[in-house]
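Undergrad: take a look and give me a structure for this.
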Amino acid sequence: MSHTESRLENQSIGSLQIRVILLCTLAQLFDGFDITSISMAVPALIRVWQQPGAAFANTFVMSSVGIMIGALASGPVGDRVGRKPVMIGALLILGITSLASTQAHSISELVIYRLFTGIGIGAVMPVTVALSGDYLPNRIRAVTIMIVFTGSPLGGFLGKQLVAQLLPIYGWTSIFWIGGLAPLALIPVMLLCLPESPRFLLAKGRLTDRTRRLLDRLGIDPTAPSHPVDVAQGNPIAGLFRDGLGPTTILIWLLYFANLMSLYLVSYWMPTVLSLSGLTPPEAVAASSFADAGPLISIFLVVPLSARFGPPNVLTVMLFTGILSIGAIGLINLPYTVLLVVLFLIGACTVGAMTGINGFTGALYPARVRNTGMGWALGVGRLGGIAGPWLGGYLLSQGWPPRQIFLATCLTAGMATVTMIVLGMRGRRHVANLLREA
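TA: Residues are numbered from 1 along each chain as shown. The predicted structure follows:
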């Protein structure tokens with residue numbers, strides 16, 4: 001390991017690092033709101049446009065298609081033009097297309113807008129991992145990336161609580177006004193305050209006065225003749241299968257596919273299912289917010305428990321508990337208060353596990369392929385994110401009772417649980433070394 005790489009992997013935490021983490025978490029927060037915005041709007045649109053719930057399946061599906069495109073493109077584009085431009089571009093797409101959704105007058109128009117909104121959403125996710133990871137020492141990288149990803153469920157929770165109050169007064173368009181204006185307002189802050197990845201700057205040789213000051217804060221001498229850093233060489237996608245990473249990459253992709261299929265079927269359809277089961281649209285949105293609140297609590301249990309028992313063991317237990325909670329929703333007509341508790345558990349175990357999986361994956365990949373590795377894991381996983389919402393709509397169109405469509409996710413959640421066990425067995429030595437350094 002070069003002196004420069006050693007400095008980056010063992011940097012101390014100061015105001016610079018904290019600023020990057022806060023900005024990445026804020027981007028995740030707005031991202032999380034826009035992921036759930038369509039699920040919040042559909043219960044109201046069912047009544048306004050007088051369409052059956054199953055008719056909106058493609059708005060969910062195309063959102064996930066866009067997320068997959070954005071996630072797959074984010075890594076390679078970020079490796080070539082920089083992480084910061086990708087972040088700015090993604091927020092711009094997110095804001096403009098969300099505002100455009102307020103002008104939709106049909107499902108087909110909304111489908112197109114959601115495709116492009118999804119591209120912005122998908123691009124934000126991996127770039128926050130890459131940027132925050134480059135400003136974190138190895139000893140706390142996995143844990144801190146998990147915390148960054150709590151921004152997404154926090155955005156969903158706060159957004160649903162806000163929308164439950166605004167929906168009866170301003171209607172469904174208020175959801176997309178918020179979803180568009182918030183990321184656009186963040187862009188000037190990012191332009192002024194978000195630094196570029198030091199690895200990218202060194203690899204590209206972009207040593208401006210501002211860059212030199214940044215490197216000086218990281219303890220890196222910009223006048224040194226060379227700065228060997230762990231960046232992608234050649235095709236970054238091929239790098240996911242070199243140096244023994246191939247089996248790990250395949251397992252990660254399977255894990256993301258299975259868990260995101262479960263997660264997106266439940267998260268996209270939950271407000272609609274609750275509305276079809278008798279709640280008003282604002283009540284359905286407010287109740288489903290408890291699923292977003294779950295990971296905000298569980299992440300603070302995942303971190304210390306992972307340090308003690310290892311991330312794979314903790315995540316396996318969470319995934320299995322999620323299966324039981326989803327099964328309870330599908331099989332039992334729960335009282336309202338009990339329903340809220342079970343929704344909280346579903347979020348804590350499924351979304352919370354996904355947050356942990358993101359942190360775990362970000363730490364498994366070396367720096368040279370971390371951005372691409374996260375982008376492709378999220379992108380391939382979005383195939384599950386596409387299949388899940390489509391399956392929910394199909395089952396509703398076939399006359400399944402609304403809550404029973406969630407039973408289909410028990411199978412994919414079981415697949416995710418088994419894959420995590422296998423991945424944990426393969427990576428046990430790596431994880432042990434990671435935790436010893438923490």
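
Undergrad: OK, contacts around the residue nearest to the spatial centre of the chain?
TA: When CA atoms, centre = their mean is applied to the chain, the residue found nearest the centroid is Met125 (5.4 Å). Shown in contact with Met125 (CB atoms under 8 Å, 6 or more residues apart in numbering): 28, 31, 67, 70-71, 74, 152, 374-375, 378. C-betas here are computed from N, CA, C, even on glycine.

Undergrad: turn those into TSV, including secondary structure, pLDDT and neighbour count.
TA: Converted to TSV, these look like this (DSSP: H, G, I helix; E, B strand; the rest coil; pLDDT from 0 to 100; neighbours: other CB atoms under 10 Å):
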residue	secondary structure	pLDDT	neighbour count
Gln28	helix	93	24
Asp31	helix	91	27
Ile67	helix	88	31
Gly70	helix	90	31
Ala71	helix	82	29
Ser74	helix	84	32
Ser152	helix	86	30
Met374	helix	75	28
Gly375	helix	74	31
Leu378	helix	76	27
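
Undergrad: closest one of those residues to Gly424?
TA: Met374 (18.8 Å; CB to CB).

Undergrad: how much space between that closest one and Phe56?
TA: Distance, Met374 to Phe56, by CB to CB, to the nearest Å: 30 Å.

Undergrad: over to Gln165?
TA: Following CB to CB, the distance that separates Gln165 from Phe56 is 23 Å.

Undergrad: again, but for Asp243
TA: Asp243 is 44 Å from Phe56, by CB to CB.

Undergrad: relative to Gly155, how far out is the closest residue to Phe157 other than its chain neighbours?
TA: Leaving out its chain neighbours, the residue that sits closest to Phe157 by CB to CB, 6 or more residues apart in numbering is Asp292, at 3.7 Å. Distance from Asp292 to Gly155, counting by CB to CB: 8 Å.

Undergrad: got it, and Ser74?
TA: Relative to Gly155, and taking CB to CB, Ser74 is found at 19 Å.

Undergrad: again, but for Pro312
TA: 27 Å.

Undergrad: before we move on, what about Arg213?
TA: 32 Å.

Undergrad: of these two, who's got more company?
TA: Taking other CB atoms under 10 Å, Arg213 and Gly155 do not tie; Gly155 has more neighbours (26 against 11).

Undergrad: count of neighbours near the closest residue to the more buried one other than its chain neighbours?
TA: Sequence neighbours aside, Gly32 is the residue nearest to Gly155 in space, at 3.0 Å (criterion: CB to CB, 6+ apart). Residues lying near Gly32 (other CB under 10 Å) number 26.

Undergrad: and Gly32, which of the three is it?
TA: With DSSP: H, G, I helix; E, B strand; the rest coil as the basis, Gly32 sits in helix.

Undergrad: does it touch Phe149 like I think?
TA: No. Using CB atoms under 8 Å, Gly32 is not in contact with Phe149, being 9.2 Å away.

Undergrad: for Tyr135, give me phi and psi.
TA: Dihedral angles of Tyr135 (phi, psi; degrees, to the nearest 10) stand at phi -110, psi 20.

Undergrad: next one: it relative to Val369, how far apart?
TA: Counting by CB to CB, the gap from Tyr135 to Val369 is 18 Å.

Undergrad: please apply the same query to Ala71.
TA: Separation of Ala71 from Val369 (CB to CB): 15 Å.

Undergrad: again with Asp31
TA: 23 Å.

Undergrad: cool, Arg403 as well?
TA: 41 Å.

Undergrad: could you do Met62 as well?
TA: Distance of Met62 to Val369, computed by CB to CB: 29 Å.

Undergrad: and if you look at Leu158?
TA: As for Leu158, its distance to Val369 is 34 Å (criterion: CB to CB).

Undergrad: more neighbours: these two, which one.
TA: Val369 (27 against 17).

Undergrad: element containing the closest residue to Arg217 other than its chain neighbours?
TA: Spatial nearest neighbour of Arg217, excluding adjacent residues (CB to CB, 6+ apart): Leu16 at 5.5 Å. Assigned by DSSP states H and E, Leu16 belongs to helix 15-48.

Undergrad: how about Gln103?
TA: Under DSSP H and E, no helix or strand contains Gln103.

Undergrad: which one is it nearest to, not counting chain neighbours?
TA: Gln103 sits nearest to Glu109 (CB to CB, 6+ apart), 7.8 Å away.

Undergrad: now name the helix or strand holding the one you found.
TA: Using DSSP H and E, Glu109 falls in helix 107-134.

Undergrad: how about Thr316?
TA: helix 311-331.

Undergrad: chain center to that helix, what's the gap?
TA: Computed by CA atoms, centre = their mean, to the nearest Å, the chain-centroid distance of helix 311-331 equals 19 Å.

Undergrad: and it, which residues are buried?
TA: 311-323, 325-330 (16 or more other CB atoms under 10 Å).

Undergrad: repeat for stretch 143-162
TA: For stretch 143-162, the neighbour count (16+ other CB under 10 Å) marks 143-160, 162 as buried.

Undergrad: pretty sure Leu378 contacts Gly122?
TA: Yes. If you go by CB under 8 Å, Leu378 and Gly122 touch, sitting 6.8 Å apart.

Undergrad: can you list residues touching both of those two?
TA: What both Leu378 and Gly122 touch, as defined by CB under 8 Å, 6+ apart, is the set 67, 71.

Undergrad: just checking, what packs against whichever helix or strand comes after the helix holding Thr316?
TA: Using DSSP H and E, the helix or strand that follows helix 311-331 in sequence is helix 336-346. When contacts are defined as 3 or more CB pairs under 8 Å, 6 or more residues apart in numbering; DSSP states H and E, helix 336-346 packs onto helix 281-309, helix 311-331.
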